[in-house]
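S.K.: fold the following and give me the result.
(one chain, ligands or ions: 1)
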Amino acid sequence: MKSRKVYIQTIGCQMNVYDSGKMMESLVPVNCSPTDSLGEADIIIVNTCAIREKAVQKVHSFIGRLNSLKTKKENLRIIVAGCVAQQEGRALMNRFPHIDVVLGTHTVHRLPDMLEEVDHNGEPVIDIGMSESPVEFDAPKSQLQAQSDTNRFVTIMRGCDNYCTYCVVPYVRGRETSRRPGDILNEIQILTQSGIKEITLLGQNVNSYGIKEGWLTFPELLEMANRVVGLKRIRFVTSHPKDLSDDLIASFQRLDKLCNHIHLPVQSGSNRILEMMNRKYTRERYIEKVEKLRESAPDISITTDIIVGFPGERHEDFDMTLRLMETVRFDNLFVFEYSDSAITPSSRFPDKILQKSKNERLQEVLRLQKHISTEKDRLLVGQVFPILVEGPSKKELKSGALVNSSQKELTGRSSGNRIVNFSLKTDCMLDIDAMKGEIIDIRIDRVFSNSLQGSPVEKDFLKR
Ligand code: SF4
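M.R.: Alright, predicted model coming up:
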């Protein structure tokens, strides 16, 4: 069979980004290669997100638009995976008869077999079965070696047992299961041998890694990753505040490769709303954890998620959220307007908040965070940070200046997860590819809303 081009549309979180990568890797041995062009594709995979109503609408509208492509190209295969596929299953296929394969969140590894089945029988196939221990498929070594990125995600667990009342994850991703430490270590080692310098350990609640299985704890897993030769940095997402242990907090001091950043979703500053959300911590407990983190790692960057307009959120509840932001002074945050999802308990809660109020509260959170971030950012000017170089900056790539200019602009990330761009003169025979994955000291000169601009401290670092 002739080689087929695969286009993947990924909607949603890092877990979906990771799964999309794995799906592509699993199709390479069956004569497929990736494409960025929808029109050129022989196989289109839509990896979906059901976390908010807007995301589901986006998925439906994208799948709907694929119908015209399918009409033009008879052999085009359309595959839907991820949370919407899991949630809607057969109904999705009934609504969009041009879909060939519906894959659940626990059946991603079956993609090549299901594709073969459609090719063979010409009939659509669906598998959204869930299992107590979902299969992870490890990519063959040779394909990973062909990639030259500096950072990669590594899934360490799937699912969630927390049942926050607004969240679909426990229903569409299943109960919490951890991957075996040996499999995780193997994947990190393969990635490191192929040139990856930074890994981000992924899970819905990494802090409870291994507890159920009685394997390593999450801090022990971090320690294991910290010993991998050639690996320079480790990050993780996401942490549930209730499971943030003292041992994990101490890891920021103990482990030299662990980045100085934690994403710790608070969701609300009101104890009444936190209880309705079933978050299992109070604002006082959350603030206490933040204080401990800052004792362990004084410069740690702390980011968070906030939901505004949860059912029954009064002005005084929202005010508590703003006061918490002032107390903690987050480095950054993501704020979302609450929206119902049919399968979550909160969709049946009374006292829904008007859209107008949700929008006003969202704007207020953004305004306050901008003010806090501006004040914090000012203090960064003149400071020096080790930056892991990721490659040419967006500006450089866009302008095409990389080829002609006497100045090259590179981009990288600080340990605190800030994007830092910096310029270099090209008279030193700069090899951009060789620079990728290097850690160099950059002094911050200017601060922008989404990035920092700096310059190398050591002018002749290239001669090292
Ligand atoms: S901890 Fe809560 S918000 Fe996070 S995935 Fe689990 S149920 Fe969803």
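
S.K.: what does the protein have sitting close to the ligand?
M.R.: By the rule CB under 6 Å from any ligand atom, the part of the chain lying against the ligand is 160, 162-164, 167, 169-170, 204-205, 240. To be clear about C-beta, it is placed using only N, CA and C from the backbone, and glycine gets the same treatment.

S.K.: now these: which count as buried?
M.R.: 160, 162, 164, 167, 169-170, 204-205, 240 (16 or more other CB atoms under 10 Å).

S.K.: okay, and for the stretch 101-250 of the chain, where does confidence drop off?
M.R.: Residues of the stretch 101-250 of the chain that meet the criterion pLDDT under 70 lie in 133-148.

S.K.: what's in contact with stretch 362-377?
M.R.: Stretch 362-377 is touched from outside by 306, 308-309, 318, 321-322, 325-326, 329-333, 335-337, 447, 449, 452, with contacts defined as CB atoms under 8 Å, 6 or more residues apart in numbering.

S.K.: just the buried residues from the residues you listed, in ChimeraX please.
M.R.: Listed next is the ChimeraX selection for buried residues among the contacts of stretch 362-377, using 16+ other CB under 10 Å:
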select :306,308,309,318,321,322,325,330,331,332,333,335,336,337,447,452
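
S.K.: next step: the contacts of stretch 362-377 restricted to strands.
M.R.: Among those, DSSP state E puts 306, 308, 332-333, 335-337, 447, 452 in strands.

S.K.: what's the closest of the residues you listed to the ligand?
M.R.: Nearest to the ligand among the ones in strands among the contacts of stretch 362-377: Phe336, at 11.2 Å, using CB to the nearest ligand atom.

S.K.: ok, and the closest non-adjacent residue to that closest one?
M.R.: Nearest residue to Phe336, sequence neighbours excluded (CB to CB, 6 or more residues apart in numbering): Ile307, at 5.3 Å.

S.K.: do I have it right that that neighbour meets Gln267?
M.R.: Yes - using CB atoms under 8 Å, Ile307 is in contact with Gln267, at 5.1 Å.

S.K.: what about the stretch 251-400 of the chain, any weak spots by pLDDT?
M.R.: Looking at the stretch 251-400 of the chain by pLDDT under 70, you get 400.

S.K.: now the strands for it?
M.R.: 261-263, 301-308, 332-337, 384-392 (DSSP state E, counting those that start in this stretch).

S.K.: how many other residues sit next to Asp256?
M.R.: 9 (other CB atoms under 10 Å).

S.K.: gap between it and Val17?
M.R.: When CB to CB, to the nearest Å is applied, the distance between Asp256 and Val17 equals 27 Å.

S.K.: and His109, by the same measure?
M.R.: Counting by CB to CB - His109 and Val17 are separated by 17 Å.

S.K.: give the buried residues for the longest helix anywhere in the chain.
M.R.: Counting residues, the longest helix found in the chain (DSSP state H) is helix 355-378. By neighbour count with 16+ other CB under 10 Å, helix 355-378 contains the buried residues 358, 361-362, 364-365, 368-369, 372-373, 377.

S.K.: what does stretch 74-81 give?
M.R.: By neighbour count, with 16+ other CB under 10 Å as the criterion, the buried positions of stretch 74-81 are 76-81.

S.K.: just to revisit the earlier point, in PDB, list the C-alpha atoms belonging to the longest helix of the chain.
M.R.: C-alpha atoms of helix 355-378 as PDB (Å, rounded to 0.1, in the frame of the first residue of the first chain):
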ATOM      1  CA  GLN A 355     -23.000  35.100  31.500                       C
ATOM      2  CA  LYS A 356     -22.500  38.900  31.900                       C
ATOM      3  CA  SER A 357     -21.300  38.500  35.500                       C
ATOM      4  CA  LYS A 358     -19.000  35.600  34.600                       C
ATOM      5  CA  ASN A 359     -17.400  37.700  32.000                       C
ATOM      6  CA  GLU A 360     -17.000  40.700  34.300                       C
ATOM      7  CA  ARG A 361     -15.400  38.500  37.000                       C
ATOM      8  CA  LEU A 362     -13.100  37.000  34.500                       C
ATOM      9  CA  GLN A 363     -12.000  40.500  33.400                       C
ATOM     10  CA  GLU A 364     -11.400  41.500  37.000                       C
ATOM     11  CA  VAL A 365      -9.200  38.500  37.700                       C
ATOM     12  CA  LEU A 366      -7.200  39.300  34.500                       C
ATOM     13  CA  ARG A 367      -6.800  42.900  35.500                       C
ATOM     14  CA  LEU A 368      -5.600  42.100  39.000                       C
ATOM     15  CA  GLN A 369      -3.200  39.400  37.800                       C
ATOM     16  CA  LYS A 370      -1.800  41.800  35.200                       C
ATOM     17  CA  HIS A 371      -1.100  44.300  38.000                       C
ATOM     18  CA  ILE A 372       0.600  41.700  40.100                       C
ATOM     19  CA  SER A 373       2.600  40.300  37.200                       C
ATOM     20  CA  THR A 374       3.800  43.800  36.200                       C
ATOM     21  CA  GLU A 375       5.100  44.500  39.700                       C
ATOM     22  CA  LYS A 376       6.800  41.100  39.900                       C
ATOM     23  CA  ASP A 377       8.300  41.300  36.400                       C
ATOM     24  CA  ARG A 378       9.900  44.700  37.100                       C
END
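
S.K.: show me the contacts for Ala297.
M.R.: Per CB under 8 Å, 6+ apart, neighbours of Ala297: 252-253, 260.

S.K.: now the buried members of these.
M.R.: Neighbour counting by 16+ other CB under 10 Å classes 252, 260 among those as buried.

S.K.: could you find the closest non-adjacent residue to Met238?
M.R.: Careful, residue 238 is Thr; it's not Met. That would be His263: by CB to CB, 6+ apart, it lies 5.7 Å from Thr238.

S.K.: so what's the residue in the stretch 301-450 of the chain that the ligand sits nearest to up against?
M.R.: Nearest to the ligand in the stretch 301-450 of the chain, going by CB to the nearest ligand atom, is Asp305, at a distance of 8.5 Å. Residues in contact with Asp305 (CB under 8 Å, 6+ apart) are 263, 265-267, 333-336.
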